[in-house]
Every structure is written in structure tokens, then in C-alpha cells.
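K.L.:
quick one, structure for this:
(chains A and B, ligands or ions: 5)
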Amino acid sequence: MSNSPMTPAIAAGRLPAESYTAQFSDLHPVLDHHEALVASDRCYFCHDAPCMTACPTSIDVPLFIRQIATGTPEAAAKTIFEQNILGGMCARVCPTETLCEEACVREKAEGKPVEIGRLQRYATDTLMAKNAHPFARAEATGKTVAVVGAGPAGLSAAHRLAMKGHDVVMFEARPKSGGLNEYGIASYKAPGGFAQSEVDWLLQIGGITVEHGKKLGEGLTLAALQDDYDAVFLAIGLAGVNALRAEGVDKAGVLDAVDFIADLRQSTDLSTLPVGRNVVVIGGGMTAVDAAVQSKLLGAQNVTIVYRRGKDRMSASDYEQELATSKGVQIIYHAAPVAVHGNGACAEMEFEFTQEVDGTLTGTGETFRLAADQVFKAIGQTLVGAPEGIKIEGGKIAVSATGRTSMAGVWAGGDCASGGEDLTVTAVAEGRDAAEDIHASLMEG
Amino acid sequence: MADLTSTFCGITSPNPFWLASAPPTDKEYNVRRAFEAGWGGVVWKTLGEEGPPVVNVNGPRYGAIHGADRRLLGLNNIELITDRPLEVNLEEMTRVKKDFPDRALIASVMVPCDAESWKSIIPRIAETGCDGFELNFGCPHGMAERGMGAAVGQVPEYIEMVTRWCKEATGLPVIVKLTPNITNIILPAEAALRGGADAVSLINTINSITSVNLDSFAPEPMIDGKGTHGGYCGPAVKPIALNMVAEIARNPATATLPISGIGGVTTWRDAAEFLALGASNVQVCTAAMTYGFKIVEEMISGLSQYMDEKGFTSVAEISGRAVPNVTDWQYLNLNHVTKAVINQDDCINCGRCYAACEDTSHQAISMSPDRVFTVMDDECVACNLCVNVCPVEGCITMKTLDKGEVDERTGKPVGDYANWTTHPNNVAACSAE
Ligand SMILES: Cc1cc2nc3c(=O)[nH]c(=O)nc-3n(C[C@H](O)[C@H](O)[C@H](O)COP(=O)(O)OP(=O)(O)OC[C@H]3O[C@@H](n4cnc5c(N)ncnc54)[C@H](O)[C@@H]3O)c2cc1C
Ligand SMILES: Cc1cc2nc3c(=O)[nH]c(=O)nc-3n(C[C@H](O)[C@H](O)[C@H](O)COP(=O)(O)O)c2cc1C
Ligand code: SF4
Ligand code: SF4
Ligand code: SF4
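P.N.:
Residues are numbered from 1 along each chain as shown, chains lettered A, B, ... in the order given. Ligands and ions are numbered 1, 2, ... in the order given. Below you'll find the predicted structure:
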């Protein structure tokens, strides 16, 4: 191994082989017993707790923290899972700084919220380590439901439906379940194969069959599903990406950030994963931050995120932005891509500074170039593969509060459906709520 | 820096902070280091008869109650009096007193309840040069089963008798240490006074079981599967001790009896409170056992700053200052009307005041959809519960209504002082008229 961060162009193994594990280890290690007791002590057990309101899945935070404090983390885990069956993953990936912890009264009191996310992980890890599944199925109803997409929304719905006694078949295009938990989430947020072990644990409820390699629109039609099942839940996420409008974007080295991340997540040996010496990431969301940080962790020498608007408009939270800069990523605000330069492969990326006047973004005319062996596009995902004839709203499948689409007997939730932020926890909430509504409507007749 | 010199029943010490008779004062090594750390005096760990000393258990002897962040709030012990030979203790006391002549060194004593035992040991101990005696009538476990400690302290006649024996045996001050394990603290205090005691000290520890092991089903601390009640002390017992001190201080018969205040003293503030309720000095055990001897530095600097701020020039000036304001419930002014007020700038919107008032009290706090909590003056009875449960100190305060102002709850204007003894609902008051 003779490569280093300074090795020109795109190269693998920029770091000593033994350092990758440490580079990609847990961002927030699990609290130990003592830390959990100290952290849980800080909760005030608020009335109608603001943290609970802020959690998209409405986990009873004060109750579960009190259960930890009184020495019953298993009961705490059950409180969490009752609302959010992917409470383990959410504890790792939720941007708590904009959800429960932002709302925590101790954030207001002293700028230091109760560490809700880490306490949630402490509780869920404790129960999951026992490989115990806390729920049992209700008596069989004889009803069947098809769930398309085995990401957080699909898994959450499937679990709730199975628990209610329905038989569920999941159709998943990819070879593995988990959706973006498996293919998208930054690896240092859920190391150790957690996504797969969580899926296995979840499926212990029984009554759920997962068929991998089955893609709606490719040999699988909605009409057929409607014929064969009593209800259909669509949870297909956002499988497409927005196109970057700039000259030369077809040059080698210009990639979709989500593909890079998926490769990284599936890699069994990160030292074989190539990364540029100079990496430029275009975008302002979590995907941009994750692609940038992980490039840096792979050993890229210079990594820059370029975002066309200001810091406050960036959808990645302040916390995420700080995480990026703390890892050595540079963030340039107010610059829009103009062209990719290079002879065949990209070598430089050209940007124009922007300004926002009355909400309209315009170029200032001043341009600059960044060295770029690799350019990652992270400017948003789009819905593809929505069934013909279903009502679309703002680029997503239009749904009611309980996930009903414009088609009778068809529900949708998660990133592919309208409403809510594109977050794991929101997908879980929507899957759960749709399942409750499906259950109610199946039991009506 | 105020002068903290304290005089307690004729015994002078550079400050009113003494270590109570307990492990911190068990031996020369400890006491030397305590004096070096700045403690004004010590009551040496209780001495027993000559001969083979008592033995302690060899398993755990403490249990505890914890608050947030494992802060030790209450400690329970099943330790006995000193388990070291009398001669060794006396030699050590002699050496220490010689090296620290300005500090108070008191000998705590507990021997069987006969005149000979007490009268022979007291002069022997006096040879150490100690400044006085403290009679341990308080130890609630182990020794009581043998007819000593609390077994004496719970019978006023015995207290009087033993105190008299000791006063006959020495010209040094005799302090009687009282047990709180009785229903009326006045009775043992008056008995001590009758027996000629120069002072009382209180409280000793309270009978207690701190916790139960839910796997072995035995009290903690557990010794080979069994437990026994111990003596409770630490911050949790302070309120009980303060009340007992105040009772003695405001009882006419014992009002002039000097008091050494003990029980949960942890900070300078606790000490000042004991002083205000009638104590002349304080003794500390659990706080030292929790944090070490160094805490006396905070006690000294804190009390000193307080005295400077208040313009007090001696500890004696604080002593008893609050006693005239301790009264019986029947004399409290029923026309003193207050209302809770929430400072919205300090409020962190936790809703605890609301839950407390709505679920368990007077439904006097309203909650808006955006979590603004407001006290409704027409419902608030001024119980103070919201003030007590609010996590932000000073966020909820009590506003006093001026005379003539209308109490929105009753619709009546605030009147002059009037108490229960003259209240129309008081049948006794009416019939007396
Ligand atoms: C890089 C990245 C990082 C992120 N980081 C975070 C984070 O830290 N915290 C957070 O809360 N959120 C994060 N998110 C967002 C979060 O991952 C998503 O909001 C969440 O996964 C949405 O769940 P879902 O079930 O709706 O969709 P997905 O997770 O996308 O799952 C959809 C599933 O459907 C399958 N599928 C798609 N089309 C078809 C079809 N036609 N037929 C059959 N199956 C199909 C897909 O293969 C996939 O398994 C991140 C997203 C990305 C892209
Ligand atoms: C371990 C332990 C041993 C004690 N031993 C004695 C003793 O031998 N003699 C005595 O008079 N009081 C003894 N006490 C009682 C203390 O002197 C004191 O009265 C009591 O702890 C209350 O004060 P505190 O709250 O500051 O601890 C003991 C207390 C403890 C914790
Ligand atoms: S699921 Fe996420 S948002 Fe909800 S409480 Fe847990 S960490 Fe917070
Ligand atoms: S807001 Fe904070 S303090 Fe209040 S219940 Fe939630 S975690 Fe506890
Ligand atoms: S308890 Fe205090 S901080 Fe909490 S809502 Fe009430 S006034 Fe506000």
C-alpha cells in the first residue's frame, strides 16, 4: 500500500488498512450503564412533554427515561418500540437536534438537552442484545397485505400489520431489506451491520414474507397486487436523483452521491473503495454531508461541499454542518455549479457566486474553480416508479393523514408520499399510521 | 472576614464547625487531619468501658438514599461505638489536644447504666485534657440492645440520673446527646437540664431501614442474608433535626440551655439555619464522610461572607435569631394572602407546575396550546406546591397581597392580622367568647 491522501486522481487505500475500522466507528458510542443513569437523571418528566410532541413517532420520552432511571431499560425499550419499531435505528440516525432534543426544556433552560437519542439507544440496545422480541401477533385475521419497498416505512407498516394478525408479503427491488438504512445512512451512524440485524429482529414477529428482487413496474403490477391482496402499501422511497444542470456533467468522475454511499455501505473492505484526492460535493442536505464526510474518512485530501444558497437555508442541520467541518470538510455557501472541466475525466469544477435577492437566486458573475477528481451530486432524490394513474402532488404520491392514496385499497408512506420530512423516523410514523388505517378498514367489512 | 470564634457552654473554638462523634473522629490520624483542615472542634468517637472493646460487623455497615446524580441524601449505619481499646484512644486524645490547644476536643462516652461505671471513667478521660464530655444516649442499634445508648435516651429518668452522676464526677462541661427516636424531644431535654447538663446536642441518628434487597428479600446493608435497622443521618434528616432544635429553644424551661445542632449539616447555610433556630454551634458527620474534611473551608468562607453581608460581628449574634418567629399553627395570620406568580422569561415550559396543581391540588394553573403556564388568581390558594416542583429556582414566586387588595379567589379584601383562635369556624373560639 503506497497510496496516501496526496495520491493524485482517484485511488483506493489512501489510509493504512488497519485504520478504516476506527475511521468509520460509531459517531456516538452507546452510553454505558453509569452514563445512562447520569443522563436519565436529568429528565424532568415534563407534563405533556415537548420532546414527545416533537418526535414524529410520539415516543413517550419521559416515561422511557424514567424506566431507565429506575433500572428497567427493557421496559423502556418496550415503551419505545410500541410507538416506533425501528427505535433502534432512529436512536442512531435521527437528527435529534432538530427533533426531540431541540424541544427538550433543558435545551431552553441551559442549552443542553437531555440526551434522548443516546438514552433511546441504550434502552433499545439492551433489549435487542437479548434478542428478545417484545410483541406477539394477534389472532390471525385471514387478511393479506402487500407492502412494496422494505425500507423504514414498509418495515414499520409490515410489523404493525403482522402484529394485528394480517399476513404480509413485502416486495423489495434490492437484494437486501432496510431501504436507505442499509444503502444510504452514513456508515458511522449505524456500524456493525445494525441495519440487517434490526430487520432480522423485527421479522421475529412472524407473518411477514420478504421477496427480494421484486420490483413494482418490472414484472410486478399494482393491478396484480390489488387482485391478490386485500390491501397494498407503497413505500418505494425516492429511487431517482435530480439532474445537475451544468456543462460537462457527463464526464467520468461525476457521480450521484447516493450511489457512492450505497457502494460504501455495501463494501466489505473499505480500503478497496476508490476516492478522489480532491472531492467536490454539490448540495446542501444530509446526503451531501454524508458523502463529504465519508470521502474525507476514506482519505481524500480535500473535500468541499458547495451549496448555492446561505448557511441558514441548508437543510443539513447546524449540527451536521459542524460535524462536516470538524472532520475537515470545507463548506462554500452561495456558489452554483457552472461547468465540469477536464479531458475526459473531470479535473476541475467551475462555480459562480450567487446572491439571493427577494428570494430569487442570481449569479454575481464572479466565478472560481476547484480542483475536482471526483464530483458527487447530492441535489435531491426524486420519485420514480409510482404506479400509473395514482395522484401525484409536489412530486410525491398524494396521501391523506393516514396514508390513503387516490386509489381505493392503496396506501402509501415514507419518502415517496406527500407530507412530512424525508427522515427515517417520519417514514416509520407514516408506515405505522397507514397500517393502523389499513387494519381499521380491513376489519370494517 | 468575620470572626467565627464560637463559645459553647464555656468551650471556645475558632469556629462553630465541629465534627460529630463518628468515624471522622475515630482516631488520632483522622482528628489531626481534621484540625489541619480547619475544623473548630471534634467530639471523639464514643468511648466505651475498659477491657475488650466492642466489635463491629465485618460486612457492609452503611446503606444510602441517593438523589439526582447519585447525590447522597441519606446515610444509614449499623456501626457501634469505638472498637479500639480505651487506653489507645486516651493516649491519642492527649497527644492531639496538646498539639491543638485552641481546638475543642470533647470526649463522647457510653458505658453501662450504673453509677460506678460512669463515675470511674469520667475522671480518667478528663486526664487527656479534653474540654468536656458528651454523653451518648442516642445510638439506636446494637448498644441499645445492651441497655445503653438510645435505651437510656428514651427514658428521661435515666438521662437525669446519669447526667447527675457525671456532673458529680467532673467539673468540665457535660453535654447530653439526645436521640430523636422519641415522640417529644422536650422531655429528654428537660431531664438533662434537671440532671445538671451544661448543654444538649441533637440529633443522633434515626431508626431506619434504607432499602430492601429485592432478590434476597432482606434489608440493606445485608449481612449474610439478614439486615437490621440502622441509624439514619445526612441531608435527609436536617428538617427533623431543625424542628427538634427549635422545640427546645422555644420551650421556656429549656430556652437558655445551650444547644449543639446536629443532623444533615452539609453547607454553611445549613449551619446558619441551625444557629438561627437556637444552636450555638453545629456538628457534622455525614457531609464529611461524603466529601472529606475539606468542606469546612466552604463552611467557613460561606458563614463569614454571610455575617459580613448582614453586619453580624459574632456567631452568637445569629444564634437564636429565628426562635421568636417559630410559633404554633394557631397563631399564623390567616389574613396573609399570597398568589403564585410565574416569571415567563425564566419558565422553560416543562409543565410540572401544571401537572402538580391540576392533578393533585387546586386546578389553579392554566396551560395554553403553546405551553404558556399561567396562575389563575381566582383559584390559587397559595399552597406553594408549584414553587416546590418547578425545576427553575426563582421562576415561580409568591406575591403578597397588600391590605385592602381583593383576593380574587374569595372576593374579599385582605384584612388585618387574625388567626385561628378567633376564627368564626373555630368552635372552641366561639364558645369561649
Ligand atoms: C444519504 C442519505 C442519508 C440519510 N441520512 C439520514 C439520517 O441520518 N437520518 C434520517 O432520519 N434520515 C436520513 N435520510 C433519509 C432517510 O433515509 C429516508 O427518509 C428513509 O429511509 C425513508 O424511508 P422509506 O421507507 O420511505 O424509503 P427508503 O428507505 O428509500 O426505502 C424504499 C425501499 O423501496 C425499494 N424500492 C424502491 N422502488 C421500488 C420498486 N419499484 N419496487 C420495489 N421496491 C422498491 C427500495 O429498494 C428501498 O428498499 C438519509 C437519506 C439519504 C439518501
Ligand atoms: C457511621 C456512623 C457512626 C456513628 N457513631 C456515633 C457514635 O459513636 N456516637 C455518637 O454519639 N453518634 C454517632 N453517630 C451519629 C453522628 O454523630 C450524628 O449524630 C449523626 O450522624 C447526624 O449527623 P449528620 O447528619 O451530620 O451525619 C454516628 C453516625 C454515623 C454515620
Ligand atoms: S425516534 Fe428520533 S425523534 Fe423520536 S424520540 Fe427517538 S431519537 Fe428522538
Ligand atoms: S423535554 Fe426534556 S426534560 Fe422534559 S420530559 Fe422531555 S427529555 Fe425530559
Ligand atoms: S414548573 Fe416552572 S418551568 Fe415548569 S412550566 Fe411551571 S413555571 Fe415553567
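
K.L.:
same question for stretch B:233-241, mean pLDDT?
P.N.:
The average pLDDT for stretch B:233-241 rounds to 98.

K.L.:
show me what counts as buried in that stretch.
P.N.:
B:Cys233, B:Gly234, B:Pro235, B:Ala236, B:Val237, B:Lys238, B:Ile240, B:Ala241 (16 or more other C-beta atoms under 10 Å in any protein chain shown). Using the backbone N, CA and C atoms, a C-beta is placed for each residue, glycine as well.

K.L.:
what about that stretch, distance to the chain center?
P.N.:
The chain centre lies 5 Å from the centre of stretch B:233-241; the measure is C-alpha atoms, centre = their mean, to the nearest Å.

K.L.:
in the chain, where is pLDDT below threshold?
P.N.:
No chain specified, so I'll use chain A. Applying pLDDT under 70 to chain A flags residues A:1, A:445.

K.L.:
actually chain B
P.N.:
Under the criterion pLDDT under 70, the flagged ranges of chain B are B:430-433.

K.L.:
helices or strands up against the longest helix seen in it?
P.N.:
Selection of the longest helix in chain B by residue count, based on DSSP state H, yields helix B:295-310. In terms of contacts (3 or more C-beta pairs under 8 Å, 6 or more residues apart in numbering or on different chains; DSSP states H and E), helix B:295-310 is packed against strand B:17-19, helix B:268-276, strand B:281-284, helix B:286-291, helix B:315-318.

K.L.:
any idea which of these gets closest to A:Asp318?
P.N.:
Comparing the helices and strands packed on helix B:295-310 against A:Asp318 with C-beta to C-beta, the closest turns out to be helix B:286-291 (39.3 Å).

K.L.:
now do the closest one: which elements does it pack against?
P.N.:
Taking 3+ C-beta pairs under 8 Å, 6+ apart as the contact cut, helix B:286-291 packs with strand B:71-77, helix B:295-310.

K.L.:
got a list of what the residue of chain A found nearest ligand 5 touches?
P.N.:
For chain A and ligand 5, the shortest gap (C-beta to the nearest ligand atom) falls at A:Val105, measuring 7.1 Å. Applying C-beta atoms under 8 Å, 6 or more residues apart in numbering or on different chains to A:Val105 gives the contacts A:Tyr44, A:Cys46, A:Pro50, B:Ile348, B:Asn349, B:Cys350.

K.L.:
circling back: ok, and which of the buried residues of stretch B:233-241 reach ligand 2?
P.N.:
Among the buried residues of stretch B:233-241, the residues lying close to ligand 2 (C-beta under 6 Å from any ligand atom) are B:Cys233, B:Gly234, B:Val237.

K.L.:
what does chain B put close to ligand 4?
P.N.:
On the criterion C-beta under 6 Å from any ligand atom, ligand 4 has as its neighbours in chain B the residues B:Cys350.

K.L.:
longest helix in chain A, by residue count?
P.N.:
helix A:424-444.

K.L.:
quick one: the helices in chain B?
P.N.:
According to DSSP H, the helices that chain B contains are B:28-37, B:86-99, B:115-126, B:150-153, B:156-169, B:186-194, B:238-250, B:268-276, B:286-291, B:295-310, B:315-318, B:352-360, B:385-389, B:427-432.

K.L.:
and the second one with ligand 2, contact?
P.N.:
Read that as helix B:86-99. No: against ligand 2, helix B:86-99 shows no contacts by C-beta under 6 Å from any ligand atom, the least distance being 11.8 Å.

K.L.:
CA-only coordinates of that helix in CSV, if you can.
P.N.:
Below are the C-alpha coordinates for helix B:86-99, written out as CSV (Å, rounded to 0.1, in the frame of the first residue of the first chain):
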residue,chain,number,x,y,z
LEU,B,86,-9.8,2.7,75.7
GLU,B,87,-6.1,3.2,76.6
VAL,B,88,-5.2,3.7,72.9
ASN,B,89,-8.0,6.3,72.5
LEU,B,90,-6.9,8.2,75.7
GLU,B,91,-3.3,8.3,74.6
GLU,B,92,-4.2,9.7,71.2
MET,B,93,-6.6,12.2,72.6
THR,B,94,-3.9,13.5,75.0
ARG,B,95,-1.4,13.9,72.2
VAL,B,96,-3.9,15.7,69.8
LYS,B,97,-5.2,18.1,72.5
LYS,B,98,-1.6,19.0,73.4
ASP,B,99,-0.8,19.8,69.7
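
K.L.:
list the buried residues in that helix.
P.N.:
Going by neighbour count (16+ other C-beta under 10 Å), the buried part of helix B:86-99 is B:Leu86, B:Asn89, B:Leu90, B:Glu92, B:Met93, B:Thr94, B:Val96, B:Lys97.

K.L.:
quick one: distance of it to the chain centre.
P.N.:
28 Å.

K.L.:
go on, the first one?
P.N.:
The chain centre lies 23 Å from the centre of helix B:28-37; the measure is C-alpha atoms, centre = their mean.

K.L.:
can you give me the buried ones in the top strand by length along chain A?
P.N.:
Assignment by DSSP state E gives strand A:360-371 as the longest strand of chain A. Taking 16+ other C-beta under 10 Å as the basis for neighbour counts, the residues of strand A:360-371 that come out buried are A:Leu370, A:Ala371.

K.L.:
which bits of the stretch 51-200 of chain A sit near chain B?
P.N.:
A:Val105, A:Arg106, A:Lys108, A:Ala109 (C-beta under 8 Å from any C-beta of the partner chain).

K.L.:
quick one: which of these has the most company?
P.N.:
Taking other C-beta atoms under 10 Å in any protein chain shown as the neighbour criterion, A:Val105 ranks highest of those with 24 neighbours.
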